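# sequence? don't have it. structure:
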């Protein structure tokens, strides 16, 4: 960290956001936390969905075949099992603690269907934008089992899982160019704290999914996102009770964002071409590469 960055204070909370209950796929109940109206503010992130369902009727329909183009979709499972299949014939089983990192690029069709008939289904899907020069790159796909996600425990007993980026010198499972994402899952016992460095200029937010935490004097309750001020070189979490929190940050692309459902491009013309390509069956011919 540079001397200039080290002299900056911890980031404060700009505002709290409670997600909007909705459904997607074949009737899966979820909470849309990062909505389309926040895309410019939280560039390069486009969407965050959280799901936590114990009733099988709320998740059994899953997400049948649907297309994507122009971004990266990161699915992180806390509990439950989800089967991925795509238009290139690839498939994988996403289990508790595992991550599916899919760069949809030029486009593919895939499905995500539950492989359980009872019990808790919980997790998150985060959409990360691609820069204009990468939106039509060949798709890639990677399943990351729980055991392959680096983690550490602080002397206070805080457990930190590093999905992307790095924390306290430990590199995460994924490193990506351009947007340089940070994606942490932080488990804090009651009475503990944790501070994470954030690059100057990167947009950042947290999402509390158990308990509550305090950030620079603001309480962030369960199922709330805290959009962090841009100024500051770190974020400090304090846990008055046991809590679990996602910390997400990335370098903004500062490019136009045009979204039409599952497609995210830079211009209306590109969206129109995407719709023609999908209608003409070009997504079904997608070749998926390894990350």
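Received the coordinates, thanks. A quick note: this is a predicted structure, and the numbers were derived from the prediction, not measured. Numbers count the residues shown, from 1 in each chain.
# in this protein, which segments are predicted with low confidence?
Low-confidence segments of the chain (pLDDT under 70): 1-8, 88, 285-291.
# Go ahead and confirm residue 197 touches residue 234.
Yes. Assessed by Cβ atoms under 8 Å, residue 197 is found in contact with residue 234 at 4.9 Å. Placement of C-beta: from N, CA and C, glycine included.
# mind listing the strands for the stretch 51-200 of the chain?
Taking DSSP state E, counting those that start in this stretch as the test, the strands found in the stretch 51-200 of the chain are 63-68, 71-79, 82-86, 91-94, 99-103, 108-114, 121-129, 140-144, 151-153, 159-164, 166-167, 170-171, 182-188, 193-197.
# and residue 24, which of the ones you listed is closest to it?
Shortest distance between residue 24 and those, using Cβ to Cβ, is found for strand 63-68: 7.0 Å.
# got the angle for that closest one vs strand 121-129?
10 degrees (axes from the mean of the first three to the mean of the last three Cα atoms, to 10 degrees).
# Just the buried positions in strand 63-68, please.
Buried residues in strand 63-68, counted by 16 or more other Cβ atoms under 10 Å: 63, 67-68.
# Can you give the contact residues for it?
Residues from elsewhere that reach strand 63-68 (Cβ atoms under 8 Å, 6 or more residues apart in numbering): 24-26, 28, 102, 104, 107-113, 262-263, 278, 283.
# and residue 54, how many neighbours?
Residue 54 has 12 neighbours, counted by other Cβ atoms under 10 Å.
# For it, list the residues it contacts.
119-121.
# before we move on, what about residue 21?
Residue 21 makes contacts with 29-31, as judged by Cβ under 8 Å, 6+ apart.
# How about residue 182?
Residue 182 neighbours (Cβ under 8 Å, 6+ apart): 164-167, 172, 196, 198, 202, 204, 247-250.
# Okay, it and residue 152: tell me how far apart.
As judged by Cβ to Cβ, to the nearest Å, residue 182 and residue 152 stand 15 Å apart.
# same check, this time on residue 38
According to Cβ to Cβ, residue 38 and residue 152 sit 31 Å apart.
# same deal with residue 178?
Noted for residue 178: a distance of 27 Å to residue 152, by Cβ to Cβ.
# For residue 274, give me phi and psi.
For residue 274, the backbone dihedrals are phi -60, psi -40 (criterion: degrees, to the nearest 10).
# Burial check on it, number of neighbours?
Neighbour count of residue 274, defined by other Cβ under 10 Å: 27.
# For it, list the residues it contacts.
Residue 274 touches 69-70, 107, 260, 263, 265, counting by Cβ under 8 Å, 6+ apart.
# And stretch 93-102, what's buried?
Neighbour-count burial for stretch 93-102 flags 94, 97-102 (criterion: 16+ other Cβ under 10 Å).
# Let's have those residues in TSV, adding distance to residue 140.
Shown next, in TSV, are the buried residues of stretch 93-102 (distance: Cβ to Cβ, whole Å):
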residue	distance to residue 140
94	16
97	22
98	17
99	14
100	12
101	8
102	7
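# what's the closest of those to residue 191?
Nearest to residue 191 among these, with distances taken as Cβ to Cβ, is residue 97, at 24.9 Å.
# Not counting sequence-adjacent ones, nearest residue to that closest one?
Excluding the flanking residues, the one nearest residue 97 by Cβ to Cβ, 6 or more residues apart in numbering is residue 146, at 3.0 Å.
# Thought residue 93 was touching the one you found, still the case?
No. Counting by Cβ under 8 Å, residue 146 stays clear of residue 93, with 12.0 Å between them.
# ok, back up a step: looking at the contacts of residue 54, spot the one nearest residue 53.
The closest of the contacts of residue 54 to residue 53 turns out to be residue 121 (Cβ to Cβ; 5.1 Å).
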